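**Q** How does the following fold in three dimensions:
(2 chains)
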Amino acid sequence: DSGVTQTPKHLITATGQRVTLRCSPRSGDLSVYWYQQSLDQGLQFLIQYYNGEERAKGNILERFSAQQFPDLHSELNLSSLELGDSALYFCASSPASKTNTGELFFGEGSRLTVL
Amino acid sequence: DQQVKQNSPSLSVQEGRISILNCDYTNSMFDYFLWYKKYPAEGPTFLISISSIKDKNEDGRFTVFLNKSAKHLSLHIVPSQPGDSAVYFCAAPGTSYDKVIFGPGTSLSVIP
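**A** Predicted structure coming up:
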């Protein structure tokens, strides 16, 4: 158990809909990262938050948005869903002691299926 | 532009033998490298890392070698065990340390 909690674990929805994925980082970790893993693809970095502030953006579509709340949990909002958005979405956190090392603690992921 | 590359999507090895997983990178500014392991239905977990000031780091059965001039690193698993069957990702922190860049992964199967 990494200590990172993601909900829901599985989600099935239709094209055009909107979903929210939730992540609770490990206790004390200020950084939250979101990654997308599509079928047969590697982990694509989407966005990072640090203590409530957006710190870095990767290949995140404009239809997607995220935020980190004062209690440090984070939400990833996906709207106007398309078939190609079907993927595993991972959240990860890292402690201040691991800053600059790339050591992340991942949740189990949220599997999104868009029909 | 893929900055971290793993050109072998899969690898099959007999139990007890050595597994060698390879990774190439393009950005010479990277100064830290990691390997993550991922089992099905689980998130990736950190396995081993190496700083660019070293050329080898060992942790039990796992050893990572770094060749900076070739921009190449490899993960050696000796001896390989069936429980090592997983997807292995090579990764590097971005040069501004605000993200971690992952390779596409190599699926290792260790055959009993």
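**Q** use CA for all of it now, contacts and neighbours both
**A** Will do.
**Q** residue in chain A nearest to chain B?
**A** Residue of chain A nearest chain B, by C-alpha to the nearest C-alpha: residue A:42 (3.9 Å).
**Q** List phi and psi for residue A:83.
**A** When quoted as degrees, to the nearest 10, the phi and psi of residue A:83 stand at phi -60, psi -40.
**Q** ok, back up a step: surely the residue of chain A closest to chain B touches residue B:102?
**A** Yes. At 6.7 Å, residue A:42 counts as touching residue B:102 under the criterion of C-alpha atoms under 8 Å.
**Q** what bridges to residue 75?
**A** Answering for chain A, as no chain was given. residue A:22, residue A:67 (DSSP bridges).
**Q** meant chain B, my bad for not saying
**A** residue B:21, residue B:64.
**Q** residue ranges with poor pLDDT in chain B?
**A** Within chain B, the stretches with pLDDT under 70 are B:1, B:97.
**Q** I should have written chain A there, sorry.
**A** A:40.
**Q** Show me which residues of it sit near chain B.
**A** With C-alpha under 8 Å from any C-alpha of the partner chain as the criterion, chain A meets chain B at residues A:33, A:41-45, A:48, A:55-56, A:90, A:99-109.
**Q** let's see it at 7 Å
**A** Near chain B, the residues belonging to chain A are A:41-43, A:55-56, A:100-103, A:105-109 when assessed by C-alpha under 7 Å from any C-alpha of the partner chain.
**Q** and the residue located most distally from the centre of chain A, what are its phi and psi?
**A** Distance from the C-alpha centroid of chain A, by C-alpha atoms, centre = their mean, peaks at residue A:97 (21.4 Å). Recorded main-chain torsions at residue A:97 are phi -70, psi -20, according to degrees, to the nearest 10.
**Q** ok now do residue A:113, which residues does it touch?
**A** A:11-13, A:86-87 (C-alpha atoms under 7 Å, 6 or more residues apart in numbering or on different chains).
**Q** Tell me the residue of chain B that sits nearest chain A?
**A** Residue nearest to chain A within chain B (C-alpha to the nearest C-alpha): residue B:104, separated by 3.9 Å.
**Q** before we move on, the earlier item: so for residue A:42 and residue B:102, which sits in the more crowded spot?
**A** Neighbours per residue, other C-alpha atoms under 10 Å in any protein chain shown: of residue A:42 and residue B:102, the larger number sits with residue B:102, 25 against 18.
**Q** thinking that one is in contact with residue A:43, fair?
**A** Yes. Using C-alpha atoms under 7 Å, residue B:102 is in contact with residue A:43, at 5.9 Å.
**Q** List the contacts of residue 76.
**A** Using chain A here. The contact partners of residue A:76, by C-alpha under 7 Å, 6+ apart, come to A:20-22, A:65-67.
**Q** nope, chain B
**A** For residue B:76, the contacting residues are B:18-21, B:62-64, by C-alpha under 7 Å, 6+ apart.
**Q** do the same with residue A:63
**A** A:78-80.
**Q** which one of those has the most neighbours?
**A** residue A:78 (20 neighbours).
**Q** if I look at it, how far off is residue A:41?
**A** 19 Å (C-alpha to C-alpha, to the nearest Å).
**Q** which other residues reach the helix or strand containing residue A:12?
**A** Assigned by DSSP states H and E, residue A:12 belongs to strand A:10-13. Strand A:10-13 has contacts (C-alpha under 7 Å, 6+ apart) with A:110-115.
**Q** at 6 Å instead, please
**A** Strand A:10-13 is contacted from outside by A:110-114, using C-alpha atoms under 6 Å, 6 or more residues apart in numbering or on different chains.
**Q** Direction included, what does that strand pair against?
**A** Strand A:10-13 is paired, per DSSP bridges, with strand A:110-114 (parallel).
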